[in-house]
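[1] fold the following and give me the result.
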Amino acid sequence: MYYTAAMRWTSRKLSLLVHALFASAVCLVSCKSKETTADKTESGAAMAHVKVQLNWVPEPEFGGIYAAREMGAYKKAGLDVEIASGGPGSPVVQLVAGGQVDFAVAGADDVITARARGVDIVAIFATFQTSPQGVMVHAARNIGSLAELKSGTLALEPGLPFGMYMKKKYGFAGVTLVPYDGGIAKFLADPSYAQQCYVTSEPIAVKKKGETPKVFLGADSGFNPYANVLVTRGALLREQKERVRAFVAASAEGWRRYLDDPAPSNAVMAKLNTAMDAETFAAASAAQKPLIETEETKASGLGVMTETRWATLATQLTELGVVAKAPAPTECFVPVAR
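    Numbers count the residues shown, from 1 in each chain. I've put the predicted structure just below:
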């Protein structure tokens, strides 16, 4: 087995439910896998220990973080980095806000939702410039766009911004909408079945079964939140800006290394995530590369974020009713200089 986008979406949905259960975060932290760098720099000086919490298990979407550790970029920056694996319902926002971890991986919509609730977290690095969320359909249906999807079944995870946006934009008249409960079995069994997906997950699994689905990215429909965003709490940024800057710079180095050669870090992650085979690790790495490295990152650097993108997402989440009033875009992210 391997971990599907449905499980990931469900994980994020569960995470929202535990905002009121902040105390449980401490217990959850103790259950995470712990992986650290060495505790001294090359010069022998003691390093600053920081902890980064993943929102899912080790997979290519976190490859740059593992690469930064393996290549020594964090160590060179004077950081002893502990990587904590996530899983279903990981309350990453709460862990960062409560100080149990220094950094975490979250979605841009999570940041806006949290800040709308008064939680002081900020985004400092956006890994995915193009969201990997999408909808896949059988290629044999010859559908040129989601606007042409007017029959059959469409499985979407209910209650989350992606599905809400898609239903609002397209209506899907004539389509039977059902909750997405995970996996690809129903897709493979029914030629009229369409479902949400992550480009790096379900389409790859379907291809391994001998079929090539057609995937429509949510970004092409106008919903393109930054994904796999590194976040920290505002207080840490204000009080230890140089440490945050060092972490961001080293993470960017790690992502550069991973994009150039993902195999070494994939091998490390494969030992921690035995549910994903080497072939899938390689395919996911290749699928995500153009979503991480874009023309904009080539000009401005990996992880770049803009006020315009944050403003667009804030407006969308407000219009969808996800938040009553969105925070100002400039409150949600800080372009940390490297």
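[2] where does Ala284 land in three-state SS?
    helix (DSSP: H, G, I helix; E, B strand; the rest coil).
[3] please parse the chain into its domains.
    Per automatic domain parsing, the structural domains of the chain span 5-130+225-332, 133-221.
[4] and the ones you listed, which one is worst for confidence?
    Looking at those, the lowest mean pLDDT belongs to domain 5-130+225-332 (a mean of 88).
[5] could you dump the domains of the chain into a markdown table and include mean neighbour count?
    The way it works is simple: take the backbone N, C-alpha and C, and place the C-beta from them, glycine included. A markdown table is the format used below for the domains of the chain (neighbours: other C-beta atoms under 10 Å):
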| stretch | mean neighbour count |
| --- | --- |
| domain 5-130+225-332 | 19 |
| domain 133-221 | 18 |
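[6] okay, which residue is most central for this structure?
    Taking C-alpha atoms, centre = their mean, the centroid of the chain lies closest to Asn228, which sits 2.9 Å from it.
[7] how about the contacts made by that one?
    Taking C-beta atoms under 8 Å, 6 or more residues apart in numbering, we find Asn228 in contact with 61-62, 105, 107, 126-128.
[8] ranges for the strands of the stretch 151-300 of the chain?
    153-156, 176-179, 193-198, 214-217, 227-233 (DSSP state E, counting those that start in this stretch).
[9] element containing the spatially closest residue to the residue nearest to the centre of the chain that is not a sequence neighbour?
    Distances taken as C-beta to C-beta, 6 or more residues apart in numbering put Thr127 closest to Asn228, at 3.8 Å, once the chain neighbours are dropped. Under the criterion of DSSP states H and E, Thr127 resides in strand 121-128.
[10] does that strand pack against any helices or strands, and if so which?
    Other helices and strands packing on strand 121-128, by 3 or more C-beta pairs under 8 Å, 6 or more residues apart in numbering; DSSP states H and E, are helix 92-97, strand 103-106, helix 108-116, strand 227-233, helix 234-239, helix 241-260, helix 278-292, helix 329-332.
[11] that strand: what's the following helix or strand?
    Taking DSSP H and E, what comes next after strand 121-128 is strand 133-137.
[12] paired strands for that following strand, with orientation please.
    Strand 133-137 has the following sheet partners, assigned by DSSP bridges: strand 193-198 (antiparallel), strand 214-217 (antiparallel).
[13] identify the residues contacting Arg257.
    Taking C-beta under 8 Å, 6+ apart, one finds 64, 67-68, 71, 73, 265 in contact with Arg257.
[14] gap between it and Arg69?
    Distance, Arg257 to Arg69, using C-beta to C-beta, to the nearest Å: 11 Å.
[15] residues in contact with the spatially closest residue to Pro158 that is not a sequence neighbour?
    Leaving aside its sequence neighbours, Pro158 sits nearest to Pro179 (C-beta to C-beta, 6+ apart; 5.3 Å). Residues near Pro179 by C-beta under 8 Å, 6+ apart: 155-158.
[16] Lys186 versus Pro179, what's the distance?
    Distance of Pro179 to Lys186, computed by C-beta to C-beta: 12 Å.
[17] ok so, going back, the residue nearest to Asn228 against Val229, yeah?
    Yes: contact criterion C-beta atoms under 8 Å: Thr127 and Val229 qualify, at 6.9 Å.
[18] isn't Val105 up against Val229?
    Yes: if you go by C-beta under 8 Å, Val105 and Val229 touch, sitting 7.0 Å apart.
[19] what's the overlap in contacts for these two?
    Thr127.
[20] after the helix or strand containing Val50, which helix or strand is next?
    Using DSSP H and E, Val50 maps to strand 48-53. Downstream of strand 48-53, the next assigned helix or strand under DSSP H and E is helix 63-70.
[21] cheers, nothing more for now.
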